[in-house]
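[1] what shape does this take:
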Amino acid sequence: MGLSLSVVFSSVAGYLLAVETIHFPTLFLLAIGGYFMVGASNVFNQIIERDLDALMDRTKNRPIPTGRMSVTNAFVLAVVLSVAGLSILYSINEITAMFGAISICLYTSAYTPLKQKTSLSVFVGAIPGAIPFMLGWVAATGKFGIEPGVLFILQFFWQFPHFWAIGWFLHDDYQKAGFNMLPTGKRDKGTALQSITYIAWTVLISIVPVFGFTGSLSLTVPAAILVFACGLLFLFFGFQLFKNQTEKSARQLMLASVVYITTIQIIYVLDKFIRLWI
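    As a prediction, this is how the structure comes out:
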């Protein structure tokens, strides 16, 4: 539920950044279509990983491992959610549905099977994970350009410290299923240093719109300062993980990553509409 709602929030933020006048029927369709899209990906994922889910504490109580739902019923649900979600997104425009389909395909056909084979699965998973923010812009405009490209890159780089923080404090549980999520394969300074590097890239990308070469996606100087300040706080927790190398620090970094991406999306949207109103 939390993952699905975060995707909807990102999509709505992307939509609001692209429009001057909000068309609420389109916004509603985007939210429902995006929610169904993530739901379909999650169900397909749980079908594929049903035996592995039974091995991990965090997933052993999911519907399929516990027998509360059969694989057949889960597959029907996944197909219904896919068809409904993509049909709704197609009713907005074709390119929105295309990116929705790419997201489901990459998540289930590439990211999920790669999790047992290589830590590069995080790179693959970051692609569908970064689509929602730019999906809202595409839904509003019907085209892909530099603006949704920047939104995609921003959320793409953000994925790495976010998921490596999760991979850190769930490392032992992931190992039960043979999942390789950390870039060095273990909880060490190498993993923490890579997290810091990607946080730095994320922070730099987040202030790029203030320089005026990202089309109609822009930031005022005060908003950019706020965004940068949020980035410095995010970076602080990255250094805390490097210094302490504890599960507590990893959990704090994960929470900081969620607060960061949510906060800067809100700042982006508020800055845009404050400029319109003024």
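
[2] quick one: residues contacting G136.
    Contacts for G136 (CB atoms under 8 Å, 6 or more residues apart in numbering) come out as S10, S11, V12, A13, G14, Y15, L16, L17, A18, L30. In short, each C-beta sits where N, CA and C put it, glycine included.

[3] what's the answer for F239, then?
    I196.

[4] pLDDT value on it, please?
    With respect to pLDDT, F239 scores 95.

[5] any idea which element it lies in?
    Here F239, judged by DSSP states H and E, is contained in helix 221-244.

[6] buried residues in that helix, which are they?
    If you call a residue buried by 16 or more other CB atoms under 10 Å, then helix 221-244 has these buried ones: 223-224, 226-228, 230-231, 234-235, 237-242.

[7] helix or strand right after that helix?
    With DSSP H and E, the next secondary element past helix 221-244 is helix 247-277.

[8] I'd like to know which elements that following helix is packed against.
    Where contact means 3 or more CB pairs under 8 Å, 6 or more residues apart in numbering; DSSP states H and E, helix 247-277 is packed against helix 2-18, helix 146-169, helix 221-244.

[9] nearest to L89 among the ones you listed would be which one?
    Of all those, helix 2-18 sits nearest to L89, with 9.9 Å by CB to CB.

[10] for the closest one, which outside residues touch it?
    By CB under 8 Å, 6+ apart, the list of residues contacting helix 2-18 reads 22, 26-27, 30-31, 34-35, 37-39, 42, 132-141, 147-148, 151, 155, 216-217, 258, 261-262, 265-266, 268-269, 272-273.

[11] got a quick PyMOL command for the buried subset of those?
    Burial among these is assessed by 16+ other CB under 10 Å; the matching PyMOL selection reads:
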select buried, resi 26+27+30+31+34+35+37+38+39+42+132+133+134+135+136+137+138+139+140+141+147+148+151+155+217+261+265+268+269+272
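
[12] where does the record place the domain boundaries for the protein?
    Domain assignment for the chain by automatic domain parsing gives 1-143, 145-278.

[13] quick one: end-to-end length of the last one, please.
    This means domain 145-278. With CA to CA, to the nearest Å as the measure, the ends of domain 145-278 fall 27 Å from one another.

[14] do the same with the first one
    Taking CA to CA, the first and last residues of domain 1-143 lie 29 Å apart.

[15] which among the helices and strands packed on helix 247-277 is found nearest to T202?
    Ranked by CB to CB, the member of the helices and strands packed on helix 247-277 that lies closest to T202 is helix 146-169, at 4.4 Å.
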